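Trainee: What follows is a predicted protein model with its sequence.
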Amino acid sequence: MNEVWNLDPIYKGFDDPQFAADMATLKEAVAGMNTFVQGLATIEPIEGLRQGIALEENAVQLVNKLAGYANLRQSTHSRDPEPGSYMGQIMGIVSGTAGPRAAFRSWAAKLPDLMELVKGDENLRDYEYMFSNMKESALHLLPGMGEEISAKLEMSGGDAWSDLQGYLTSTVPVSYRGTTTNLSAIRNLAYDPDPQVRKDAFEAEIACYDRIKDAVAFALNSIKLETISQCQLRGYESPLAKTLKLSHMEQATLDAMFAAIDEYSPKFWQYLKAKAKALGHENGLPWYDLFAPMGNASTKFTTEDARNYLVEQFSGFDQELADMVAEAFDNAWIDFYPRDGKRGGAFCAGVKSIGESRILTNFDGMFTDVVTLAHELGHAFHNQCIRDHRPLNQGYSMPVAETASTFNECVVMASAIGKAADKDEKLALIESQLQDATQIICDIYSRFRFEKKVFDNREQKFMNADTLCAYMTEAQKQSYGDGLDHNCLHPYMWVCKSHYYGPTFYNFPYAFGGLFARGLYAQYEKEGAAFVPKYKKLLYTTPIATAEDTARVAGIDLTDKNFWRGALQTIADQIDLFCELVEV
């Protein structure tokens, strides 16, 4: 089986004639958009709407293909300057669309009968939700050439600082037991069955951050100040208010979710203390043992094993999903193993131009790696479910972005736990799932608290690395309570987590997606096969509805704390079972 993904269906390289042709076409598309908006004052409204949408569709498809390819190449070859160079060129061209796009949308939003025109036209009707949001979003557009200027400045501002963080964390050398390795590989050792390996790897990881912490601190401060300035210029109350608006999600939903998490947090601390005691720790769990395997988790998976296992698991839920999983493995959608210059973690990128996805992981053969594959393949299935939408309806908001991925995890884990042959195997599986649940609840809450603290302080002061470390450890103490050993936390999570260097508050959507998916899976357990079409319809709806309206497809009120309590209770039940198995 392949070890690296195949990008040839997109382009065969940057020297592919089609790549050059698409770059030229993109430049022409940008020029066409500029010419078009100059004549908006004299064009009939319905014709202007049709032409504007057609031009945007063309540009979006080109950008997704070109920038998507460059990003995929860059994510596995961070030392190669070519992908970054082309990405810079592409984004330079794309910045030229910001002005005309803003002008078109501002013009459209001011049409007194906009929604009547949209609803009455076959070519525009699919974009009814988008146009409705356009009217509201127009209030936050920068006047004149503001959007184009902002887009150009981002290239040497936030985007560049983000690239710096990615480069530093993917190339920093890590000294471990007399050898030199990379950050992705050393962080994978957190799952090693040998406690001394985990402890040594953690200490090596913490030590390596000293080399890059100051540069990354500059990156974080600069990105956050840029975000604050943008919010002020655009008239948003705060970065969080902007994130909720762009996420098509209500503050009441976020408040209900966190209120329920606050109620259930002591239950997670109970799990952490039980695990700590089982591993021989008296003062809570040290950070380096957060991912310590328990029970009989010694089975190693090859990529072929992972393929067969996942296809079998998903066949019991939905054959369409199982077939897509098989295709992903068989047709080289996945880049599996860590290597120098490859970014850490895992992600899934939809490649709309070929109707497929590409998945990056840092596979090490553990069961947790198989679950990670299931998670990313959930994103791929989500991409497949929305494939028939029009080009401008292909994106979904951050909160619902983790729904399909976490639902996949529920399918895999429920089946695996149900088939567990003995106590040790069941313990290993339940503990693995509780690890993940603790990450999306406790760790995500700590990330949210940390980012909010940074935003609350950035306007008044520059926060150096020591200050950021202090904020991080305080957020971890609040979120993990006495479940963790406060003498062994991870002060540098702000350095290694790329989420702080991309979309603002890209943290709470993981908690949302995890709990939303668990609530949906509980419904599947009650309804059986009848739930599957409803689930696919819900995924299909995500690009064209608010988070709240998407949930209503399954009869769920997201502003009701009881829904979140119900989802959290499914985890609490597993914590009780875990405590029984370890006899705590």
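Mentor: Nice, I can see it.
Trainee: Helix or strand with the lowest mean pLDDT in the protein?
Mentor: helix 146-156 (a mean of 81; mean pLDDT, DSSP states H and E).
Trainee: Go through it and flag the buried ones.
Mentor: For helix 146-156, a neighbour-count test (16 or more other C-beta atoms under 10 Å) marks 147, 148, 150, 151, 152, 154, 155 as buried. For the C-beta atoms, the positions are set from N, CA and C on the backbone; glycine is no exception.
Trainee: Residue 93 is in contact with the fifth one, correct?
Mentor: To tie it back to what came earlier, the one meant is residue 152. No - look at residue 152 against residue 93 with C-beta atoms under 8 Å: they stay out of range, at 11.0 Å.
Trainee: Identify the contacts common to the two.
Mentor: Counting by C-beta atoms under 8 Å, 6 or more residues apart in numbering, residue 152 and residue 93 have no shared contacts at all.
Trainee: ends of stretch 115-132, how far apart?
Mentor: Start-to-end span of stretch 115-132 (C-alpha to C-alpha, to the nearest Å) is 7 Å.
Trainee: before we move on, the earlier item: packing partners for the least confident helix or strand of the chain?
Mentor: Contacting helix 146-156 under the criterion 3 or more C-beta pairs under 8 Å, 6 or more residues apart in numbering; DSSP states H and E are the following elements: helix 81-109, helix 213-234.
Trainee: of those, which approaches residue 288 most closely?
Mentor: With C-beta to C-beta as the criterion, residue 288 lies closest to helix 213-234 of the helices and strands packed on helix 146-156, at 19.2 Å.
Trainee: mind listing the strands in this protein by residue range?
Mentor: 174-176, 179-181, 334-335, 347-351, 356-360 (DSSP state E).
Trainee: Measure how far the fourth one is from the centre of its chain, please.
Mentor: Once both centres are worked out by C-alpha atoms, centre = their mean, to the nearest Å, strand 347-351 turns out to sit 10 Å from its chain's centre.
Trainee: quick one: it to strand 356-360, angle?
Mentor: 160 degrees (axes from the mean of the first three to the mean of the last three C-alpha atoms, to 10 degrees).
Trainee: returning to what we had before: rank the helices and strands packed on helix 146-156 by pLDDT, which is bottom?
Mentor: With a mean of 92, helix 81-109 has the lowest mean pLDDT of the helices and strands packed on helix 146-156.
Trainee: can you pull the pLDDT of residue 584?
Mentor: 57.
Trainee: pLDDT below threshold where in the stretch 301-450 of the chain?
Mentor: 421 (pLDDT under 70).
Trainee: at 90 what do you get?
Mentor: 339-341, 343-345, 366-368, 395-399, 401-402, 406, 413-426, 428-429, 432-433, 436 (pLDDT under 90).
Trainee: can I get the strands of the chain in a markdown table with distance to residue 260 and mean neighbour count?
Mentor: Below are these laid out as a markdown table (distance: least, C-beta to C-beta, whole Å; neighbours: other C-beta atoms under 10 Å):
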| stretch | distance to residue 260 | mean neighbour count |
| --- | --- | --- |
| strand 174-176 | 39 | 17 |
| strand 179-181 | 40 | 12 |
| strand 334-335 | 35 | 26 |
| strand 347-351 | 28 | 20 |
| strand 356-360 | 31 | 23 |
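Trainee: out of those, which comes closest to residue 100?
Mentor: Per C-beta to C-beta, nearest to residue 100 of the strands of the chain: strand 347-351, 25.4 Å.
Trainee: Any chance you could list what contacts the closest one?
Mentor: 9-10, 65, 68, 71-72, 75, 357-360, 376-377, 379-380, 383, 394, 405.
Trainee: Try it again at 6 Å.
Mentor: 10, 68, 357, 358, 359, 360, 376, 379, 380, 383 (C-beta atoms under 6 Å, 6 or more residues apart in numbering).
Trainee: Distance check, residue 110 against residue 139.
Mentor: 11 Å (C-beta to C-beta, to the nearest Å).
Trainee: no wait, residue 409
Mentor: From residue 409 to residue 139 the distance is 39 Å (C-beta to C-beta).
Trainee: same question, residue 575
Mentor: 45 Å.
Trainee: Can you pick out the residue with more neighbours from the two?
Mentor: residue 575 (21 against 11; other C-beta atoms under 10 Å).
Trainee: Report the spatially nearest residue to the more buried one, omitting neighbours in sequence.
Mentor: The shortest distance from residue 575 to any non-neighbouring residue, by C-beta to C-beta, 6 or more residues apart in numbering, is to residue 271 (4.5 Å).
Trainee: Residue 363 too?
Mentor: Per C-beta to C-beta, 6+ apart, closest to residue 363 is residue 336, 4.2 Å.
Trainee: circling back: of the contacts of strand 347-351, which is the nearest to residue 320?
Mentor: For those, the nearest to residue 320 is residue 380 (12.0 Å; C-beta to C-beta).
Trainee: so who does the closest one touch?
Mentor: Contacts of residue 380 (C-beta under 6 Å, 6+ apart): 348, 357.
Trainee: let's see it at 7 Å
Mentor: By C-beta atoms under 7 Å, 6 or more residues apart in numbering, residue 380 lies in contact with 324, 328, 348, 357, 359.
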